[in-house]
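# From the sequence below, what's the structure:
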Amino acid sequence: MTAKLIRNAYEAALTMTAVLLCWAAALTLESTEGLHTDVLVLAVALALTLASTQRTADTRRRLTSLGVLPVTAGASIFLGRLIASHYAIGAAVFTAGLALAIWIRRYGPAAAKAGTLMTLPLIALLVVPGPALPPEAQSGLVTWFWAALIGALACCSVWLVQGAGDRYGPWRAQPAPEQPPRRSRLNPRPSTRMALQMAAGVAAAFTLGHLLFDDHWPWVVLTAYVAASGNRGRTDVLRKGVERLAGACAGTLLATGVAAAGITGHAAVALVFAVLAVALWLRPLNYAYWAAGMTCALSLLLGYFGQDAQHLLPTRLEGIALGAALSVASAWWLLPVPRRRTAT
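Presented below is the predicted three-dimensional model:
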């Protein structure tokens, strides 16, 4: 266990170094070009999510990400505007994009990795607090051009840091051998079942999230996605839903303590990075640690942007519980995937 914790700490340090590098580049852009602070949030979200998917990537995969991620990051900005102006249409496009990224897994590992890259800006869109910001903070939000540039910076930052870590660090990434996909006898295929389950869960999250939580619908949708992603069967979705809810409860208590201590401004930003680092370190042990860290970090972030994060914490827990329940219901009752089936 000690050796595992040390290795986890090293991997978390690499990821946070890439995140901070991308954040510093975005901070420079923000100050020189007069951009809105949400460009920094986008930089952190993209670098953080990209790092885990690229750790064992070869040069070809990294070049692919450099081509795909900026395009999808720019497109996600248009999607965010669409959701803000025409919620139902934007939600339908968002849901279809997530389902498509899963459905194309049937075409092999390369398609599956491309699908993963497609989802990263969509998930970042849920993390960047656009509609959830106070009205006076919504002007000047990041445009498609700057979002695409931030996507390229995230790719370069992750590539640079992970490459240096492999060359000079004590450990190198050990890619798991890829197993050739087997044609499943299930009809519809597992990838189709998982895509339909994701679409059903996320569509329900968009609908109920907007009806019950107004501008805070991203909490419901994000949980519905997280619980259903990487679906290995009904039990797996239930476990992840429970772990996310348990972690969110712990993160809520932590964020309440921070809010009571009156930590704001630059100290709050530094604490966000510290919380993310600890959550990354403990994430391989149990997903609940990551959920707790993300809940606390997002609460601090919303507080930085002027929201009463402490007052909204109970609402966040309700949204997370609803999102988890929707994913579990979809995985259990809509074309369930038998355990250990390959997603093809």
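
# Tell me how many other residues crowd the closest residue to Leu313 other than its chain neighbours.
Spatially, and ignoring its direct neighbours in sequence, Leu313 is nearest to Thr252 (4.8 Å; CB to CB, 6 or more residues apart in numbering). For the C-beta atoms, the positions are set from N, CA and C on the backbone; glycine is no exception. Residues within reach of Thr252, counting by other CB atoms under 10 Å, total 20.

# do the same with Arg232
18.

# secondary structure element for it?
Taking DSSP states H and E as the definition, Arg232 sits outside all helices and strands.

# And for stretch 200-215, what's in contact with it?
Applying CB atoms under 8 Å, 6 or more residues apart in numbering, the external contacts of stretch 200-215 come out as 87, 91-92, 94-95, 98-99, 131-132, 216-221, 223-225, 227-228, 315, 318-319, 322-323, 326-327, 329-331, 334.

# circling back to that earlier point, I figured the residue nearest to Leu313 hits Thr295, correct?
Yes - Thr252 lies in contact with Thr295 (CB atoms under 8 Å); the separation is 6.1 Å.

# count of residues packed around Pro62?
Rather than Pro, residue 62 is Arg. 17.

# pretty sure it contacts Thr53?
No - counting by CB under 8 Å, Arg62 stays clear of Thr53, with 10.5 Å between them.

# hmm, back to that, anything in contact with each of Thr252 and Thr295?
Arg316.

# What residues sit buried inside the helix or strand harbouring Leu302?
Remark: Leu302 resides in helix 287-304, with elements defined by DSSP H and E. By neighbour count on 16 or more other CB atoms under 10 Å, the buried set for helix 287-304 is 287-304.

# cool, stretch 82-102 as well?
82-83, 90-95, 97-99, 101-102.

# go on, stretch 314-333?
Going by 16+ other CB under 10 Å, stretch 314-333 has these buried residues: 316-317, 319-331.

# Same question for stretch 46-66.
46-51, 53-55, 57, 61-62, 64-66.

# Residues in contact with that stretch: which ones?
Applying CB under 8 Å, 6+ apart, the set of residues contacting stretch 46-66 is 11, 14-15, 18-19, 21-23, 69, 73, 113-114, 116-117, 120-121, 123-124, 150-152, 154-159, 162, 173-176, 276.

# change it to 7 Å
15, 18-19, 22, 69, 73, 113-114, 116-117, 120-121, 123-124, 150-152, 154-155, 157-159, 162, 173, 175 (CB atoms under 7 Å, 6 or more residues apart in numbering).

# Show me those that map onto helices.
Among the contacts of stretch 46-66, the ones falling in helices (DSSP state H) are 15, 18-19, 22, 69, 73, 113-114, 116-117, 120-121, 123-124, 150-152, 154-155, 157-159, 162.

# ok now do the spatially most central residue of the chain, which residues does it touch?
Nearest residue to the geometric centre of the chain (CA atoms, centre = their mean): Ile123, 4.5 Å. By CB under 7 Å, 6+ apart, the contact list for Ile123 reads Thr49, Tyr225.

# and if you look at Ala267?
By CB under 7 Å, 6+ apart, the contact set of Ala267 is empty.

# Just the element for it, please.
Here Ala267 sits within helix 265-282, counting by DSSP H and E.

# Measure how far the direction of that helix deviates from that of helix 287-304, in degrees.
170 degrees (axes from the mean of the first three to the mean of the last three CA atoms, to 10 degrees).
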